[in-house]
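**Student:** Below are the sequence and a predicted model for it; my questions follow.
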Amino acid sequence: MELFRSVIVLPSPQQFNHAVIAIPFNQDKKVSSALNHPVLGRLMVFDPTDPETPPGELPDHEQGSFALIVAGERGGLARMPSTTPDANRLERTADVTLGADGSLTASIRERSIGQAAVRERRAFRGHSRTEYDRLIESWVARCEDLKSRTGGQ
């Protein structure tokens, strides 16, 4: 814990290995990466090196960490904002039709929000269309396997 305490007591650029950007922004806008700085006011913090995380959000591994705000005498150490679980979620809905013959037809829709969306974008952009389709097909197959192991429940 002593090392952690030294970061807070005497911050130094050598203790940081990454740069993010903090810009003043409209007070009326709601963003998950808003930081209320006592001197600089309301800032939106974002990481321009992460192509999957849009401005207004911070990657999950940076949330809650400490950052050294470089702004001359007005700067200093600040804790980065953290999002709530509600702001990082996967919503899944299904429209299911049971046919008279016992057949089942389903349409599944997923909506990713926050860091869940970042993970999905990363998977989508990190694979070819064929590879990504296989990932989805694998997920559907696991659902089918689960259905058969639970007796179709």
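**Tutor:** Received the coordinates, thanks.
**Student:** Look up how far Ala34 lies from Glu62.
**Tutor:** For Glu62, the distance to Ala34 equals 14 Å [Cβ to Cβ, to the nearest Å]. The C-beta positions use only the backbone N, C-alpha and C, and glycine is treated the same way.
**Student:** more neighbours, those two?
**Tutor:** A side-by-side neighbour count of Glu62 and Ala34, using other Cβ atoms under 10 Å, places Glu62 first with 20 against 15.
**Student:** To what extent is the closest residue to that one other than its chain neighbours buried, counted in neighbours?
**Tutor:** Here the nearest residue to Glu62 in space, its sequence neighbours aside, is Met80; by Cβ to Cβ, 6 or more residues apart in numbering that works out to 5.8 Å. Neighbour count for Met80, taken as other Cβ under 10 Å: 17.
**Student:** before we move on, what about Ala116?
**Tutor:** 17.
**Student:** now Pro55
**Tutor:** Around Pro55 there are 15 residues (other Cβ under 10 Å).
**Student:** I'd assumed Met44 was in contact with it.
**Tutor:** Yes - here Pro55 lies in contact with Met44, judged by Cβ atoms under 8 Å, at a distance of 6.8 Å.
**Student:** can you list residues touching both of the two?
**Tutor:** Val31, Ser33 (Cβ atoms under 8 Å, 6 or more residues apart in numbering).
**Student:** tell me, what residue is most central in this protein?
**Tutor:** Nearest to the geometric centre of the chain sits Gln115, at 1.5 Å (Cα atoms, centre = their mean).
**Student:** isn't that residue right up against Pro54?
**Tutor:** No - at 11.1 Å, Gln115 does not count as touching Pro54 under the criterion of Cβ under 8 Å.
**Student:** What part of this protein, helix or strand, is modelled with the least confidence?
**Tutor:** When each helix and strand of the chain is scored by mean pLDDT, DSSP states H and E, helix 2-9 comes last, with a mean of 51.
**Student:** so what strands line up beside the helix or strand just after it?
**Tutor:** Following helix 2-9 in sequence order, the next helix or strand is strand 21-24 (DSSP states H and E). If you go by DSSP bridges, strand 21-24 pairs up with strand 41-46 (antiparallel).
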